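# just need the structure, nothing else, for what follows:
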Amino acid sequence: TYEIVCTGKSGHAEVVLVEFDPDKLSFDKLLGTFWTLHDPTTLNRQGNDVGTQYRSTIMPHDEEQKRIAIESIVKWEEKFDSPITTIIEPINVFYEAEENHQDYFRLNSTAPYCTFSIEPKLKKLKDDNVLPK
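Residues are numbered from 1 along each chain as shown. Below you'll find the predicted structure:
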């Protein structure tokens, strides 16, 4: 549950499972968006959220994605003032969030967190042609 993950004791991370068509969007370009949408240089922290459950992680689905992820870290590391702390780890299991966390932005778009954190990221995805405008 969300409450258990929030304790930081479960070993789980809050992640998004991204489904994409590699004929339309390469994994490398997807990772480029990943690097620009969050701070991959803060260990176990995203904004005000602190703990191992907020670690920056890539969970590739196969060896090719893992190779591309490693190369992407090397390529993007020089673009940041601090070292990238993002880890690459296997996706052993994925649990969908509870119903009240599904479509969270659509249902809560005027909430302060959504306005200040999610909305600018969605705009960037649209500007980068990752999402339709």
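# list of residues touching stretch 38-52?
Residues from elsewhere that reach stretch 38-52 (Cβ atoms under 8 Å, 6 or more residues apart in numbering): 6, 8, 11, 13, 34, 54-56, 76, 80-86, 117. Placement of C-beta: from N, CA and C, glycine included.
# if we go to 7 Å?
8, 54-56, 80, 82-86, 117 (Cβ atoms under 7 Å, 6 or more residues apart in numbering).
# next: stretch 25-32.
Outside stretch 25-32, the residues touching it (Cβ under 7 Å, 6+ apart) are 18, 20, 65, 68-69, 72, 130.
# swap in 6 Å and give it another go.
65, 68, 72 (Cβ atoms under 6 Å, 6 or more residues apart in numbering).
# could I get the residues you listed as TSV with secondary structure and pLDDT?
Output for the contacts of stretch 25-32, formatted as TSV (DSSP: H, G, I helix; E, B strand; the rest coil; pLDDT from 0 to 100):
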residue	secondary structure	pLDDT
Gln65	helix	97
Ile68	helix	98
Ser72	helix	97
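# most surrounded residue in these?
Counting by other Cβ atoms under 10 Å, Ser72 has the largest number of neighbours within the contacts of stretch 25-32, with 22 neighbours.
# tell me who's in contact with Ser10.
Counted by Cβ under 6 Å, 6+ apart, Ser10 has contacts Ile4.
# switch the contacts of stretch 25-32 over to JSON lines; also include distance to Phe27.
Below are these laid out as JSON lines (distance: Cβ to Cβ, whole Å):
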{"residue": "Gln65", "distance to Phe27": "6"}
{"residue": "Ile68", "distance to Phe27": "5"}
{"residue": "Ser72", "distance to Phe27": "9"}
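# show me which of those residues is closest to Ile91.
Nearest to Ile91 among the contacts of stretch 25-32, counting by Cβ to Cβ, is Gln65 at 10.1 Å.
# so what's Ser117 scoring on pLDDT?
We have a pLDDT of 86 for Ser117.
# just say helix, strand or coil for it.
helix (DSSP: H, G, I helix; E, B strand; the rest coil).
# relative to Lys123, how far out is it?
Going from Ser117 to Lys123 by Cβ to Cβ, to the nearest Å gives 12 Å.
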